[in-house]
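Undergrad: model the following, please.
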Amino acid sequence: MDILLVASTFHSLSRRLYAELSDQGHRVDVALAAHGADAVRAAVRERRPELIVAPMPAPALPEDVWREHTCLLVRPGPPGDRGPSPLDWAIDEGASEWGVTVLQAEAAPDAGDIWADAAFPVPQAAKSDVFRNELSDAAAAAVLLAVRRFAEGSFKPRPQSDPGIRVVWRDSFRPEQRRIDWDNDDTRTVLRKLRGGDSQPGVLDELCGREVYLHGGHPEDRLRGEPGELLATRSGALCRATRDGAVWIPELRSRRSSGDPAPFRRPAASVLSGFPAPPDSGPGMPGSQDRPYWLPEIAVPLELPPGRTTWADIRYRQRGAVGFLSFSFPGGAMSTTHCRRLLAAYRYALTRPTSVLVLGGARDLFANGSHLHVIEASGDPAGESWSNLLAMNDLVEAVLRTTDRVVVAAVGGNAAAGGVMLALAADEVWCRTGAVLDPHYGNLGVYGSEFWTYSLPRRVGAETAERLTSEALPVSAATAERMGLVDRLVPVLPGEFTAEVERLAAEVAADPDLARRITAKTTARHADELQRPLAEYRRTELARMRAAFFDPESPYHALRSAFVRGLPGEGAPSPAAAVVTA
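TA: Residues are numbered from 1 along each chain as shown. So this is what the prediction gives:
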């Protein structure tokens with residue numbers, strides 16, 4: 001069946017639905033509605049779809065479109081729930097279960113007949129995490145069911161006037177409802193507000209006399225201070241005291257009207273470093289452009305002692321013969337600093353007496369490659385792009401050159417570009433069934449690096465590697481497994497992924513054939529090196545990337561800026577795949 005996806009951007013849910021509907025044999029095109037209703041109408045006229053699916057959040061469909069075509073809206077709320085902020089209300093009210101409803105578009109908002117729905121548990125996690133994982137799983141299941149029902153032609157959608165449906169209207173969730181009262185809100189309340197506003201627009205607050213948006217929040221177990229007091233930095237995050245504890249805030253964003261030339265999400269400490277110091281801050285410790293000088297940097301061991309529950313974005317733990325190096329960076333973006341710290345942690349993990357090393361394994365995003373926000377905010381974007389890429393390459397190369405143990409990449413959520421190549425550097429890739437992979441660099445108009453010209457063809461063959469990188473389209477976990485991009489699918493809920501990976505890794509470590517596997521791996525790496533050294537792959541890729549970075553006319557610069565600043569066309573699918581980009 002010919003299906004048109006209409007969305008504001010090609011966001012995580014749109015990519016998930018594109019990949020899964022394509023897996024079912026449907027021809028799926030995408031219309032991005034950033035340019036308004038006429039662009040959507042043009043896409044409909046050109047493609048003549050049998051069905052239109054609009055994953056939320058999306059702009060309202062033109063009336064003539066939904067009157068002339070069956071249009072299914074994918075709404076992140078249970079049947080009968082109406083209003084513009086369903087997931088915000090669910091998180092704010094502490095709902096333990098929520099839902100997704102696929103309903104037919106009509107004049108009254110959210111009032112159309114119901115084609116399918118699915119429920120999902122709501123974990124204590126950030127809104128964007130829930131959206132990409134539990135909600136995405138439920139949405140995919142509901143949409144596939146609705147499309148099958150539509151194709152069969154005999155299903156009659158359920159009207160919301162059905163007495164079994166309780167209709168509840170909720171007004172728009174206003175940003176001021178999420179303002180933090182640092183003097184009176186306890187840590188639990190602060191974390192709920194931060195997690196609920198971690199994506200857009202964030203939680204509006206004031207730091208050092210300036211208004212900023214806070215993004216993300218994690219509990220701290222020991223540091224304490226006066227409510228609202230800034231206490232420390234760690235790995236780019238800020239620690240701020242609450243009434244009864246403290247929280248870590250990984251990212252900040254200045255208001256667009258603030259005059260900040262980089263009013264987009266960045267590591268919190270780097271944003272604060274550009275603010276004037278508080279009057280009572282004193283001389284403090286030496287700072288940098290990445291950290292305010294008046295706050296101490298308080299690190300924690302890579303292996304947290306028993307009983308510690310503080311936040312860290314990189315952690316190592318060991319269970320018998322298996323080492324687990326987990327990491328979680330906001331948005332999956334890895335800056336130069338992130339890459340260097342993760343490489344140092346990886347080298348530490350290699351000193352431990354293990355036969356299996358698991359890289360990743362946390363829920364949500366695995367990695368998405370270079371940190372475009374940090375690059376865009378840099379005084380020298382070309383130079384920072386280059387430094388970031390070199391650091392990514394160093395990390396990937398270290399994984400490729402590991403020959404004394406089996407390395408497993410445990411991909412619990414979406415991955416893209418250099419993040420996919422980091423996973424492919426491992427001996428085995430285990431992927432949660434709900435993850436979506438984007439093994440290409442097409443949306444930035446660059447050739448790519450991180451040894452993709454070595455890792456990708458050796459897994460899927462030269463022809464498929466060429467198709468994946470030229471089409472620049474998302475791949476479902478199931479398709480990735482069929483083509484050899486992924487070795488094992490892990491069919492569990494997002495919150496169960498870490499435990500299941502631990503169980504599977506223990507099985508690998510106990511395999512009596514493991515020593516032979518490690519020996520064979522060493523032999524194969526030596527043979528590959530003789531045929532074509534990794535240094536040559538690196539040199540060839542970097543030459544093309546350097547040309548793109550340091551050419552001011554390269555499309556990379558405009559595409560990067562558009563992506564970071566959320567300008568129209570951000571994240572558009574590749575025209576090479578005959579996809580309509582409206």
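
Undergrad: report all helices and strands that the longest helix anywhere in the chain contacts.
TA: Looking across the chain with DSSP state H, the single longest helix is helix 381-400. Here helix 381-400 touches helix 336-350, helix 372-377, helix 418-424, helix 534-549, helix 555-565, going by 3 or more Cβ pairs under 8 Å, 6 or more residues apart in numbering; DSSP states H and E. C-beta coordinates here come from the backbone N, C-alpha and C atoms, glycine included.

Undergrad: one more time with 7 Å, if that's ok
TA: helix 336-350, helix 372-377, helix 418-424, helix 534-549 (3 or more Cβ pairs under 7 Å, 6 or more residues apart in numbering; DSSP states H and E).

Undergrad: in the stretch 51-200 of the chain, where is pLDDT below threshold?
TA: For the stretch 51-200 of the chain, the stretches flagged by pLDDT under 70 are 57-59.

Undergrad: strands of that one, residue ranges please.
TA: Using DSSP state E, counting those that start in this stretch, the strands assigned to the stretch 51-200 of the chain run over residues 51-55, 71-75, 81-82, 97-104, 114-121, 168-169.

Undergrad: how distant is the second one from the center of its chain?
TA: Taking Cα atoms, centre = their mean, to the nearest Å, one finds the center of strand 71-75 at 23 Å from the center of the full chain.

Undergrad: can you give me the angle it makes with strand 114-121?
TA: Interaxial angle, strand 71-75 versus strand 114-121 (axes from the mean of the first three to the mean of the last three Cα atoms, to 10 degrees): 20 degrees.

Undergrad: elements contacting strand 71-75?
TA: Checking 3+ Cβ pairs under 7 Å, 6+ apart, strand 71-75 ends up next to strand 51-55, strand 97-104, helix 136-152.

Undergrad: just to revisit the earlier point, and the strands of the stretch 51-200 of the chain as JSON lines, adding mean neighbour count and distance to Arg532?
TA: Output for these, formatted as JSON lines (neighbours: other Cβ atoms under 10 Å; distance: least, Cβ to Cβ, whole Å):
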{"stretch": "strand 51-55", "mean neighbour count": "25", "distance to Arg532": "43"}
{"stretch": "strand 71-75", "mean neighbour count": "26", "distance to Arg532": "46"}
{"stretch": "strand 81-82", "mean neighbour count": "19", "distance to Arg532": "57"}
{"stretch": "strand 97-104", "mean neighbour count": "23", "distance to Arg532": "48"}
{"stretch": "strand 114-121", "mean neighbour count": "20", "distance to Arg532": "47"}
{"stretch": "strand 168-169", "mean neighbour count": "12", "distance to Arg532": "62"}
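
Undergrad: tabulate these (CSV), appending distance to Arg516.
TA: Converted to CSV, the strands of the stretch 51-200 of the chain look like this (distance: least, Cβ to Cβ, whole Å):
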stretch, distance to Arg516
strand 51-55, 47
strand 71-75, 48
strand 81-82, 56
strand 97-104, 47
strand 114-121, 42
strand 168-169, 61
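
Undergrad: of the ones you listed, which approaches Ile298 most closely?
TA: Within the strands of the stretch 51-200 of the chain, the stretch nearest Ile298 is strand 114-121; the backing value is 34.1 Å (Cβ to Cβ).

Undergrad: rewinding a little: nearest to Ala499, of the strands of the stretch 51-200 of the chain?
TA: Where the strands of the stretch 51-200 of the chain are weighed against each other on Cβ to Cβ, the nearest is strand 114-121, at 15.5 Å.

Undergrad: report all helices and strands that that closest one contacts.
TA: Using 3+ Cβ pairs under 7 Å, 6+ apart as the test, strand 114-121 ends up in contact with strand 97-104, helix 136-152.

Undergrad: need those in a markdown table (columns: distance to Thr498).
TA: Below are the helices and strands packed on strand 114-121 laid out as a markdown table (distance: least, Cβ to Cβ, whole Å):
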| stretch | distance to Thr498 |
| --- | --- |
| strand 97-104 | 22 |
| helix 136-152 | 17 |
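
Undergrad: between the ones you listed, which gets nearest to Gln318?
TA: Using Cβ to Cβ, the helices and strands packed on strand 114-121 put helix 136-152 closest to Gln318, at 30.8 Å.

Undergrad: what angle do that closest one and strand 114-121 make?
TA: Here helix 136-152 runs at an angle of 160 degrees relative to strand 114-121 (the same axes, to 10 degrees).

Undergrad: which residues does helix 136-152 contact?
TA: 1, 12-13, 16-17, 20-21, 24, 51, 53, 55, 70, 72, 74, 99-100, 102, 115-120, 155, 434 (Cβ atoms under 7 Å, 6 or more residues apart in numbering).

Undergrad: again, only using 6 Å
TA: 1, 13, 16-17, 20, 51, 72, 74, 100, 102, 115-118, 120, 155, 434 (Cβ atoms under 6 Å, 6 or more residues apart in numbering).

Undergrad: ok, now stretch 71-79?
TA: So stretch 71-79 is in contact with 52-56, 61, 86-87, 99-103, 105, 114-115, 117, 135, 139, 143, 146, 165, going by Cβ under 6 Å, 6+ apart.

Undergrad: tell me the mean pLDDT for the helix or strand that the longest helix of the chain is followed by?
TA: For helix 381-400, the following helix or strand on the C-terminal side (DSSP states H and E) is strand 406-411. What strand 406-411 shows for mean pLDDT is 98.

Undergrad: would you mark the buried spots in strand 406-411?
TA: By 16 or more other Cβ atoms under 10 Å, the buried positions in strand 406-411 come out as 406-411.

Undergrad: so where's the stretch 251-400 of the chain shaky on pLDDT?
TA: If you take pLDDT under 70 as the line, the stretch 251-400 of the chain has these spans: 279-289.

Undergrad: circling back: Asp198: which of the strands of the stretch 51-200 of the chain is closest?
TA: Once those are compared by Cβ to Cβ, strand 97-104 is nearest, at 16.7 Å.

Undergrad: ok, that closest one: who's next to it in the sheet?
TA: Its sheet considered, strand 97-104 pairs with strand 71-75 (antiparallel), strand 114-121 (antiparallel) by DSSP bridges.

Undergrad: adding distance to Ala232, write these out as TSV.
TA: Shown next, in TSV, are those (distance: least, Cβ to Cβ, whole Å):
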stretch	distance to Ala232
strand 71-75	41
strand 114-121	34
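
Undergrad: closest to Phe563 out of those strands?
TA: Nearest to Phe563, of all these, is strand 71-75, at 23.7 Å by Cβ to Cβ.

Undergrad: may I have the closest one as PDB, with CA atoms only?
TA: Below are the C-alpha coordinates for strand 71-75, written out as PDB (Å, rounded to 0.1, in the frame of the first residue of the first chain):
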ATOM      1  CA  CYS A  71      -5.800  10.400   7.600                       C
ATOM      2  CA  LEU A  72      -4.700   8.600  10.700                       C
ATOM      3  CA  LEU A  73      -3.300  10.700  13.600                       C
ATOM      4  CA  VAL A  74      -0.900   9.000  16.000                       C
ATOM      5  CA  ARG A  75      -1.700  10.700  19.300                       C
END
